[in-house]
Each structure stands twice: as C-alpha cells, then as structure tokens.
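Chemist: This is a predicted model, with the sequence first.
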Amino acid sequence: MDNLIIPLVVVGLISIACQFLAFKIKVPAILPLLVAGIVAGPVTGLIDADALFGDLLFPIVSLSVAIILFEGALTLKTGDISGHGSMVRNLCTIGTVVTMLVVAPAAHFALDLSWEMSFLLGAIVTVTGPTVIVPMLRTVRPSTKIGNILRWEGIVIDPIGALLAVLVFEYIVATQNAVSHTLFAFGITVSIGFGIGIAAGYFMGLALRKHWIPHYLRNTAVLTIMLGAFAISNVMAHESGLLTVTIMGMLLANMKDVEVDDILEFKETLSVLLISGLFILLASRIELSAILNVGWGAIIVLLAVMFIARPVGVFLSSFGTGLTVKELSLLAWIAPRGIVAAAVSALFSLKLEALDYAQVDVLVPMVFLIIIATVVVQSLTSAKVAQWLGMRAPAPNGYLIFGGAQFSRMFAKELMNHNIPVCLADTNWETIKLARMDGVPTYFGNPMSEHASRNLDLTAFGSVLVMSPYRQLNPLVTYHFEHEMGKGSVLGLSNNEAQQRPSHQVSESYNKKLGLFANDVTYGRLAGQTSKGAVIKTTGITDTFSYDAYKEEYKDRCLPLCAIDADGKLQIFTTSNNLLPKAGWQVISLISN
C-alpha cells in the first residue's frame, strides 16, 4: 500500500507544480503536464500508470473525461453564441469531416498505415477540447465573438469526434455487413446519447429548480447523477456517454430558473485536478521508442493537420456566417488538441491490441505528437498572430465604474486622459446622460443583468470600482464581479461602519472590500467635496519634487486617488496598500479648494 501511495502523491505534486508553472509562463498547462508525464514515465520510471491502477485505469480515464466535458458544457450559454451558432455548427460538422478526409490520406501515404487505421487516426484528431482552448484564450485575448466560437467548438466537438472514432472502430471490427453495422451503431449511439442526456438533464434541472435536493448535497448529487447517466448510456450504446453528459450540461446551463454557478465552481476545481492527473498518467504510458519509430512521415501528417485540414475546414464552414477574413484566419490558426484525443486514442489502442490488430502501436504516439505540436506551436504563436491580424483585445487594464455621480464622471474623464479604458454603469438615466455629454463610455442599467452579460463587453476591464449611493445594490455588484473577475478585482467606498451600532454593520468579509482610496472616504464625502468645487488633478513626481513634498504642499486639501508608475501602470490607493510614488510617477488626486 505504501508503495502505491508515494506515486499517487507524486502525481498530485507534479500536477500542481505544472499548473503553477503554466500560470507563470502563460502557456496552456497541458504543455508542462505532458513533458512532466514523459519525464516521470518512460524517462525516469518514477510513475507506472498501469501498475498504479491496473484494469481501473481506463474506467477512471473515461469518468474523468466525462466530468471535464460536463463542466465545459455547463458554461455553454446560448446567449453567448447569439448570431454565430451557424459557424459553430459548421465547424463541428463540415470541419470535422474535412479534418478526417484530409488527415486519413496523409496518414495512409506518409505513415504507410492501412486505410482503416488512417481513418481512425483522422477521426480522433478532429477534436480540440476546452482543456487547451480555454487557457489559450486567456493568453491570446481574441474578440468576444471569436472566443465564444472557439470555446463552443472545443466543447461540442469532443463528443462528435469521439462518436466519429467509435463509428470507424465499429467498421474496423465488423466481420460482415460493415457499412450497415456502422450506420446502425451511429443511429443507436446518437439516439441513446440525446435521449438519456435530455432526460437526465431535465430531471436534474427540475430537482434543482424545485429544491428537492438539500443545498449541501447539490454538488455531490449532480456529479453522481451525471456519472450514472454516463455509465448507463455507455452500457446501452458504446461510447455514447460523452454525448449524454454534453447534452445534459448544456440543458442545465440554459434551463430557466436553474442556478448552476456553485455547481460550476465545484466542477471547475475538480476538472483542474483531473486534467492534471490524466495528462501526466497518459503521457507516462508513452514509450519514447514508439515516438521515434513513427518516422519522418509524422511531420507530413502534422503539416496536413495544421496547414490544410483546419484552414480548409474553417473556410468551408464560414459561408453565410458574415465573419471577416481576419476572423477566419485567427480561427484557422487556433485548434490545439487536448485530453479527449489523448484518452480516446489510448482507449481504442487497448481495444485493438486485444484483437491483435496490426499497426496499432502507431496510433497513440502519433496522436500525442499532434497534441504536443499543436499546443506548443499555437500557444507560442497565437497571441502574435492575433496581434498581427489586429484581432487581439487590449490587456484588461481598464476600469468598470458603478455609479455615475459627479465624482465618478470626473475620475473617469481623468483616467481617459491617460488612455486607460473606462466604462461608467448606472441605473439612473440623468447621471448616464451627463456622462455621455462628457464623452465617457456608459452602460445604462444594472451591470449584473442578463442584458449586461450580452451587451456589456468586459474584455478591456480588469477591475471594478463601486462608487454608487445604492447601499443595497453595492454588495450584490461587488460579489457578482468578484466571482466574474476574481478576488481582489472589486473595490468599493467605505460605509463609515465604525460609527454604526454592531447590529447595523455589514459582514466582515464584505467590509474588507471597501477600502477604496482611504478608510474614511465615503460616497457622501466625495459628493460634498465635488459640489464645493473640488477638482481632480494629475501631478508628476520628480527627483526635485518628491511625494512627501507633494503632500506637504497640498496638506489636507489633497486626497490621493491613484498613481501611474514609470511603466504606465495604474495603481489605486487603498487601505490595504502603502503606495509610495517615486520619481517618474504621476499622482492623480482630488484637490479641494
């Protein structure tokens, strides 16, 4: 038992180290995970996945992939893809067929594979996958439209690619009437996948909407019911489970009055753990000699995948979609392969090995070579390609300001003078009208609304400043955007809670988010000072005019708001930081008369 515990712990430690490294160097985590798996497996022999799990290895892999796909499907809101569903549909149908029809001949002639094995390889590498697409999108920062198309394609195409691989496999193993057998398998797989997915998704949505399940059991219940539906579907139709969980997740994500945010948060955490472990375990099973034995023909297959199959598939899928040449070019370049391709190739390799099928030893090494090549090349170049095409969004260094009072408008205008993106949101039309007259970008309405999620583009904003007089709405806005953007991304004005009785104070966790500018800076104080003629002024700090001299000159008339450092980065004054502007910085302050 002790001998098994150590490798399992090592897998966990390597996983978190790879994820942290990927975060630091800004590449998809799959890259360091694959390298670590190869080093830990065939190079050093530290991890032996087959010895660790034995016959349980691929059931665990299958269940893990189901969880990953389900988690991805929970993020697929139909509103996100409004107007571009046809492109996603075409990429997942026309694009899939094109990829298989291009890769299969390339593999047949370049690797000297049989036509059956060539088409199986072509079917497997049709999938992209959220495990590599989502981290790459964070780095590339394409437009919201292109990002949503790639994300939807990466999730929806996984069960389709797996289904295609199943059909090719069924054709290979059929002893007679192969075509009719394959068509029958297709009909059964799609019927079972959709049927169980819709039934399980609707039942689960109804249970969540009606609160039949206690809140503390929600995550566990959804996970186990989803895995149950996956298993039942696979028993009834070979490999239909991936389609089942994808349909189930999409249905839950779009059912009315069904909240999936807390479920999604739990699944995201679980998915990171599973993805990390899976890539290391699957990569550790690769024999280096098998990769080397693939030969130079592998390069031809790689070129066919990246420079023929994807561009042709994107071009043929684009008719009638209204996408520009630049948008199509970026779509054509981003198509890395991920965990589903790795897992499906390993699964069918084992099945064909059991049947003593020839050339099966080429399948897994070739798929992993395609995964590694697409991830490495595209993760290192996609941001530059997007920049060159003019399709890359600016770094999210802007500020969404909730509250359109006079101070907020003045502050927004000053930030705009320094080329810092801002947007002012408010439910009060009068303040919005005045902001628009000042030339400040605005959103009229509740920034947490469904309308805002469809129309308020947040790609340029990395922080939210809550400066409204709406005491009941401010906490909701704070927690909403903290969930969307991450902890520390939302700051609000003080409520002067120390002067209130304990029973009327806000929670301690919320109070910690109210340190904007300074401890005693409230909405009332800012409104009072601006009504008396206070102005916002930018002053440069130099070697001869230090920050101490600056404060001495203005004394109590000066309220420092933020500073722009020598690199042009804006830093907000808060109660939790101790900013000391240096020479070369600019300080933006509210100056009273």
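Modeler: Cool, got the structure.
Chemist: Would you map the strands across the stretch 351-500 of the chain?
Modeler: Counting by DSSP state E, counting those that start in this stretch, the stretch 351-500 of the chain has strands at residues 398-402, 422-426, 442-444, 461-466, 490-492.
Chemist: strand partners of the longest one, parallel vs antiparallel please.
Modeler: Its sheet considered, strand 461-466 pairs with strand 398-402 (parallel), strand 490-492 (parallel) by DSSP bridges.
Chemist: Please enumerate residues in contact with stretch 566-578?
Modeler: The contact list for stretch 566-578, computed with CB atoms under 8 Å, 6 or more residues apart in numbering, reads 397, 399, 415, 418, 420, 463, 465, 491, 515-519, 560-565, 579, 582, 584-585. Every residue, glycine included, has its C-beta placed from N, CA and C.
Chemist: Quick one: closest of the strands paired with strand 461-466 to residue 244.
Modeler: Residue 244 sits nearest to strand 490-492 of all those, at 38.0 Å, using CB to CB.
Chemist: Which residues does that closest one contact?
Modeler: With contact meaning CB under 8 Å, 6+ apart, strand 490-492 is reached by 463-467, 474, 477-478, 481-482, 513-516, 572, 574.
Chemist: switch the cut-off to 7 Å
Modeler: With contact meaning CB atoms under 7 Å, 6 or more residues apart in numbering, strand 490-492 is reached by 464-466, 474, 478, 481-482, 513-516, 572, 574.
Chemist: One more: stretch 399-411?
Modeler: By CB under 7 Å, 6+ apart, the residues outside stretch 399-411 that reach it are 412, 415, 420, 422-426, 428, 431-432, 434-435, 438, 440, 447, 458, 461, 463-468, 477, 526-527, 530, 536, 561.
Chemist: Which among those count as buried?
Modeler: Buried members of the contacts of stretch 399-411, counted by 16 or more other CB atoms under 10 Å: 412, 415, 420, 422-426, 431-432, 434-435, 440, 447, 458, 461, 463-468, 477, 526-527, 530, 536, 561.
Chemist: Helices along the stretch 51-200 of the chain, start to end?
Modeler: Along the stretch 51-200 of the chain, the stretches classed as helices by DSSP state H, counting those that start in this stretch are 57-73, 85-110, 115-124, 130-140, 144-173, 178-209.
Chemist: rewinding a little: compare the strands of the stretch 351-500 of the chain and report which one is nearest to residue 68.
Modeler: Counting by CB to CB, residue 68 lies closest to strand 461-466 out of the strands of the stretch 351-500 of the chain; the figure is 27.4 Å.
Chemist: now the closest one against strand 422-426, angle please.
Modeler: 40 degrees (axes from the mean of the first three to the mean of the last three CA atoms, to 10 degrees).
Chemist: any idea which helix or strand comes after the helix or strand bottoming out on mean pLDDT in the chain?
Modeler: In the chain, no helix or strand scores lower on mean pLDDT, DSSP states H and E than helix 508-511, which sits at a mean of 66. Using DSSP states H and E, the helix or strand that follows helix 508-511 towards the C-terminus is helix 523-531.
Chemist: in the helix or strand that that following helix is followed by, what's buried?
Modeler: Downstream of helix 523-531, the first helix or strand assigned by DSSP H and E is strand 535-540. For strand 535-540, a neighbour-count test (16+ other CB under 10 Å) marks 536, 539 as buried.
Chemist: likewise stretch 253-262?
Modeler: Within stretch 253-262, the residues that count as buried by 16+ other CB under 10 Å are 253-255, 258, 260.
Chemist: And the furthest pair within the residues you listed?
Modeler: Spatially, the most separated pair among the buried residues of stretch 253-262 is 254 and 260, at 9.7 Å (CB to CB).
Chemist: Provide a list of residues in contact with residue 332.
Modeler: Contact analysis of residue 332 by CB under 7 Å, 6+ apart lists 310-311, 314.
Chemist: quick one on the thing from earlier: would you format the helices of the stretch 51-200 of the chain as a markdown table with distance to residue 220, mean neighbour count and mean pLDDT included?
Modeler: Listed next are those as a markdown table, based on distance: least, CB to CB, whole Å; neighbours: other CB atoms under 10 Å; pLDDT from 0 to 100:
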| stretch | distance to residue 220 | mean neighbour count | mean pLDDT |
| --- | --- | --- | --- |
| helix 57-73 | 13 | 22 | 81 |
| helix 85-110 | 32 | 21 | 91 |
| helix 115-124 | 33 | 25 | 91 |
| helix 130-140 | 23 | 22 | 76 |
| helix 144-173 | 23 | 23 | 82 |
| helix 178-209 | 13 | 17 | 86 |
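Chemist: Would you check that residue 146 makes contact with residue 328?
Modeler: No: Residue 146 is beyond contact range of residue 328, at 9.5 Å (criterion: CB atoms under 7 Å).
Chemist: what is in contact with these two at once?
Modeler: Overlap of the contact sets of residue 146 and residue 328 (by CB under 7 Å, 6+ apart) is empty.
Chemist: and the closest residue to residue 423 other than its chain neighbours, how many residues sit next to it?
Modeler: Distances taken as CB to CB, 6 or more residues apart in numbering place residue 441 nearest to residue 423, at 4.7 Å, with adjacent residues excluded. By other CB atoms under 10 Å, 16 other residues sit near residue 441.
Chemist: correct me, but residue 520 touches residue 495?
Modeler: No: counting by CB under 7 Å, residue 520 sits too far from residue 495 to count as a contact (10.8 Å).
Chemist: And these two? Which one has more around it.
Modeler: When residue 520 and residue 495 are compared for neighbours, residue 495 comes out ahead with 19 against 11, by other CB under 10 Å.
Chemist: The closest residue in space to residue 584 that isn't next to it in sequence: what secondary structure?
Modeler: Among residues not flanking residue 584 along the chain, residue 566 sits closest, at 4.0 Å (CB to CB, 6+ apart). Under DSSP: H, G, I helix; E, B strand; the rest coil, the three-state class of residue 566 is coil.
Chemist: what's residue 566 sitting at in phi/psi?
Modeler: Reported as degrees, to the nearest 10, the phi and psi values for residue 566 are phi -60, psi -20.
Chemist: separation between it and residue 542?
Modeler: For residue 566, the distance to residue 542 equals 12 Å [CB to CB, to the nearest Å].
Chemist: and residue 523, what pLDDT?
Modeler: Residue 523 carries a pLDDT value of 84.
Chemist: Count the residues that sit near it.
Modeler: 23.
Chemist: returning to what we had before: how much space separates the residue nearest to residue 584 from residue 428?
Modeler: According to CB to CB, residue 566 and residue 428 sit 38 Å apart.
Chemist: And residue 332, by the same measure?
Modeler: Residue 332 sits 45 Å away from residue 428, going by CB to CB.
Chemist: hang on, the earlier thing: dump the contacts of strand 490-492 to CSV, plus pLDDT and distance to residue 323.
Modeler: Converted to CSV, the contacts of strand 490-492 look like this (pLDDT from 0 to 100; distance: CB to CB, whole Å):
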residue, pLDDT, distance to residue 323
464, 89, 31
465, 90, 35
466, 89, 37
474, 85, 40
478, 84, 37
481, 84, 30
482, 83, 34
513, 72, 40
514, 78, 44
515, 78, 44
516, 84, 41
572, 86, 38
574, 84, 42
